[in-house]
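**Student:** Sequence and predicted structure, then a few things I'm wondering about:
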Amino acid sequence: MNYRSITKIGILAFGLILFTACGSKQKKEQAAPEQEQHKQRPEGGRERPSITEMFTEMDSNDDGRLSKTEVKGPLQNDFSKIDTNNDGFIVEGELKNAPEPQGGDQGQGRPPRQDRQLPSIEEIKAAMKKHDNKTVLLSDKNYALPTTGQTKTFDAIGKTITGLQPGDSFYGQDGNYQNGQKMSYTDNGDGTVTDNVTGLMWAQDQSSESKAWVDGEAYCKSLNLGGFTDWRMPTIKELWSIRDQSVGWPYLDTTYFHLVSKDGAEQRDQHTWSSNYYMVNTVESKKRLAFIVNDWTGHIKALDGQRYVRAVRGGLYGVNDFMDNGNNTITDKATSLMWSKEDSKKGMNWEDALAYAENSNFAGYSDWRLPNVKELQSIVDYSGVFPAIDSSIFNISTITNEAGNQDYPYFWTSTSAGSERVSGMYFADYVAFGYAVDHGGEDIHGAGAVRFDTKIKDGPAIENEERINNYIRLVRNAK
C-alpha cells in the first residue's frame, strides 16, 4: 500500500489542524486594526508567497530542485512546460519563468475573508505540506463496500422489468448483481448509528443549522454524542458509503439517518458537507468549493455556501490499495475488485454499455460487468489530480468538451437513479472523472462529481440532457 497516498488522503479527511488554524487566523485578522491589516495584506485579501518561498516549501529533500512528486497542484499539470531543459526537475529559475497555470491568476476572485466560507487553496496546501508525515489510522474494515440497495431492474425509459437473464437486453444492471455487502446498521439508542459493514459510527442527526465548510470540523470537535468526543467530518467516500439506492428521494435510510427536512421541499437542506476540498485548478474551484452529498437527489457535487454536517467517528475508511497485475488489469486489494486498466475508448448509451461489459473477454476474463455507483466512485481520486483518477495506474481517454477544451469522459454505472414515487426511474448514474460541466462545457460541479442523466438520446429527463454516450471502465470481483 502506498503510504504517501494514505497520509495525503488522511490529511484531507481529518483536516483538524487546518480548520483550527484557519479559524484562529481569521479571528485574529478580524480583531486586528484596519490599518494593520492593510500593512500585512495587499489588495485582494491575502499575502502571496514569493517564488523562493514556494520553491523552498516544496523542496522536501533540500536538493535545490523539484521532482514531479514534490510539486503541488496545477504545477504537476504544467511540469513539462516549466521543465524547459527536460531533465526531469524544476529549478528555481525555471519556476520564476513559468507561465501562469491554466485557468489564470489564482489571486483574483477570492471573496473577502469575513465571509469565512472556505480557506484559500494556498492555506489548504500549506497545511497539507506542514503535516505531511502525520500517521493516519485506517479503519479495521477499510473499504468493505456495501451494496447500493438497488434490487430492481429498469429499461431505457424507466419502466421496471423483471425476469432478466444473461444475454437479455438490459441484463447486467446493479439490480441483477447487487454486488457488495448488504447494508446493515445498528441504532445505538443514543443518537448514534453504527454501520456494521464499514465499522464507522455516525451521528443520527445532521447539524441543526447549516454551516460554512470551514466551520464544519469545529462543530464536530465540539460534539459530545453517545459519550464520545472524537467526532470528525466524513470524507466524501465515507459519506457515499451510506447512500441507499433502494428507493431514492431521499437516498438515505431515514429509519437510521435523520434529515433536517423530511419532505425534501428545500433540497439545499439535504446537502451534507464532506471533508474533501475541491483541489483541481479550474475557474470554478477558485470560488472555494468543497464536495457535498445531496442526500435527497443522490448527487456528489462541489459547492460553496452553507450546508449541513453529519459527524462520523472511527478510523479512516476508503483508502485504495492498487496493484498492477501486468496484464492490463488493476486489482484494488482494499475492495477486492479487479478493474480494466483501459477504458472503452468510445462512448455509448446505457443499454449498449451494459451489453459491452457483459460480452467482454478483456484480458481473458469473461465475468466483467458495468460497475455500480459505489464501486465506480471508489476509484475516484479527490486529492486534486486531474483527471480525478490515479493516471499512473489507470489509462483514461481524452475528449474535447462542449467548450472546445481537452477534457475526460463521464463513465456510466450500472445503477439507475430516480424514484418511482416522484418521477419514475429513467436515469442512470455516471461519474465525472473530468469536469462535471454545464451545457457550455464549463466546470460547475467538479471532477469527481456523481450525477445522472437519461439513458438514451431524446429520452425523458427533468432538464436538458447532458451527455448520453458515456464511457465504460470494466469491473469484476477479484475473488
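**Tutor:** In hand now; what should we look at?
**Student:** and stretch 222-240, how far out from the chain's middle?
**Tutor:** Here stretch 222-240 is found 18 Å from its chain centre; the criterion is CA atoms, centre = their mean, to the nearest Å.
**Student:** hang on, residue 338 packs against residue 324?
**Tutor:** No - Residue 338 lies out of contact with residue 324 (CB atoms under 8 Å); the separation is 11.2 Å. For the C-beta atoms, the positions are set from N, CA and C on the backbone; glycine is no exception.
**Student:** residues shared between the contacts of those two?
**Tutor:** residue 330 (CB atoms under 8 Å, 6 or more residues apart in numbering).
**Student:** More neighbours: the two, which one.
**Tutor:** residue 338 (21 against 13; other CB atoms under 10 Å).
**Student:** What helix or strand is that one located in?
**Tutor:** strand 337-340 (DSSP states H and E).
**Student:** Tell me the secondary structure at residue 431.
**Tutor:** For residue 431, the secondary structure call by DSSP: H, G, I helix; E, B strand; the rest coil comes out as strand.
**Student:** That one: neighbour count?
**Tutor:** Residues near residue 431, counting by other CB under 10 Å: 28.
**Student:** Also the one 10 residues further on?
**Tutor:** With neighbours defined by other CB under 10 Å, the count for residue 441 comes to 15.
**Student:** With the one 4 residues further on instead?
**Tutor:** For residue 445, the count of nearby residues is 23 (other CB under 10 Å).
**Student:** Assumed it was part of a strand.
**Tutor:** No - applying three-state DSSP, one finds residue 445 to be coil, outside a strand.
**Student:** distance of it from residue 437?
**Tutor:** Using CB to CB, to the nearest Å, residue 445 is found at 8 Å from residue 437.
**Student:** residues touching the residue lying closest to residue 140 once chain neighbours are set aside, list them.
**Tutor:** Nearest residue to residue 140, sequence neighbours excluded (CB to CB, 6 or more residues apart in numbering): residue 199, at 5.7 Å. Counting by CB under 8 Å, 6+ apart, residue 199 touches 139, 140, 141, 144, 314, 315, 317.
**Student:** Verify the stated contact: the fourth one with residue 181.
**Tutor:** Yes - because the distance of 6.0 Å satisfies CB under 8 Å, residue 144 is recorded as touching residue 181.
**Student:** Identify the contacts common to the two.
**Tutor:** Contacts common to residue 144 and residue 181, judged by CB under 8 Å, 6+ apart, are residue 197.
**Student:** Quick one: the helices in this protein, in order.
**Tutor:** Taking DSSP state H to define them, one finds helices in the chain at 3-14, 16-31, 34-40, 51-58, 74-77, 79-82, 92-96, 121-130, 174-177, 216-221, 236-241, 350-358, 373-377.
**Student:** among those helices, which gets the worst mean confidence?
**Tutor:** In terms of mean pLDDT, the lowest-scoring of the helices of the chain is helix 34-40 (a mean of 35).
**Student:** what's around residue 442, how many residues?
**Tutor:** 15.
**Student:** okay, now the closest residue to it other than its chain neighbours: neighbour count?
**Tutor:** Leaving out its chain neighbours, the residue that sits closest to residue 442 by CB to CB, 6+ apart is residue 403, at 6.1 Å. Counted by other CB under 10 Å, the residues lying close to residue 403 total 14.
**Student:** per-residue pLDDT, residue 403?
**Tutor:** 91.
**Student:** cool, the one 4 residues further on as well?
**Tutor:** As summarised for this prediction, residue 407 has a pLDDT of 95.
**Student:** Go ahead and confirm it touches residue 388.
**Tutor:** No - judged on CB under 8 Å, residue 407 makes no contact with residue 388 at a distance of 11.6 Å.
**Student:** Show me the common contact partners of these two, please.
**Tutor:** Common neighbours of residue 407 and residue 388 (CB under 8 Å, 6+ apart) are residue 434.
**Student:** Looking at the two, which is more packed in?
**Tutor:** When residue 407 and residue 388 are compared for neighbours, residue 388 comes out ahead with 26 against 22, by other CB under 10 Å.
**Student:** That one against residue 448, yeah?
**Tutor:** Yes - assessed by CB under 8 Å, residue 388 is found in contact with residue 448 at 4.1 Å.
**Student:** Now the common contact residues for the two.
**Tutor:** In contact with both residue 388 and residue 448: 380, 381, 382, 432, 433, using CB under 8 Å, 6+ apart.
**Student:** Buried ones among those?
**Tutor:** 380, 381, 382, 432, 433 (16 or more other CB atoms under 10 Å).
**Student:** Looking at those residues, which one is closest to residue 350?
**Tutor:** residue 432 (15.8 Å; CB to CB).
**Student:** Look up the closest residue to that closest one, ignoring the ones flanking it.
**Tutor:** Residue 432's closest residue in space is residue 449 (CB to CB, 6+ apart), at 4.6 Å.
**Student:** hang on, the earlier thing: sort out which of the contacts of residue 199 are buried, if you could.
**Tutor:** Using 16+ other CB under 10 Å as the burial test, those include 139, 141, 144, 314, 317 as buried.
**Student:** so residue 210 touches residue 303, yeah?
**Tutor:** No - using CB under 8 Å, residue 210 makes no contact with residue 303, being 11.7 Å away.
**Student:** Neighbour count: the two, which is higher?
**Tutor:** residue 303 (22 against 17).
**Student:** I figured that one hits residue 271, correct?
**Tutor:** Yes - Residue 303 lies in contact with residue 271 (CB under 8 Å); the separation is 6.9 Å.
**Student:** Measure how buried the closest residue in space to residue 479 that isn't next to it in sequence is and give me the count.
**Tutor:** Excluding its sequence neighbours, the residue lying closest to residue 479 (CB to CB, 6+ apart) is residue 336, at 5.6 Å. If you count neighbours by other CB under 10 Å, residue 336 ends up with 13.
**Student:** any idea how far residue 336 is from residue 164?
**Tutor:** Separation of residue 336 from residue 164 (CB to CB) stands at 25 Å.
**Student:** Run through the strands of the stretch 251-400 of the chain in chain order.
**Tutor:** 271-277, 290-294, 300-303, 306-307, 312-313, 322-324, 329-332, 337-340, 399-400 (DSSP state E, counting those that start in this stretch).
**Student:** Would you mind giving those strands as a markdown table with distance to residue 356 and mean pLDDT added?
**Tutor:** As requested, those are exported to a markdown table (distance: least, CB to CB, whole Å; pLDDT from 0 to 100):
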| stretch | distance to residue 356 | mean pLDDT |
| --- | --- | --- |
| strand 271-277 | 31 | 95 |
| strand 290-294 | 29 | 95 |
| strand 300-303 | 25 | 95 |
| strand 306-307 | 37 | 92 |
| strand 312-313 | 37 | 98 |
| strand 322-324 | 23 | 97 |
| strand 329-332 | 17 | 98 |
| strand 337-340 | 11 | 98 |
| strand 399-400 | 18 | 96 |
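**Student:** Need the winner for burial among these.
**Tutor:** Mean neighbour count (mean count of other CB atoms under 10 Å) peaks for strand 271-277 among the strands of the stretch 251-400 of the chain, with a mean of 27.
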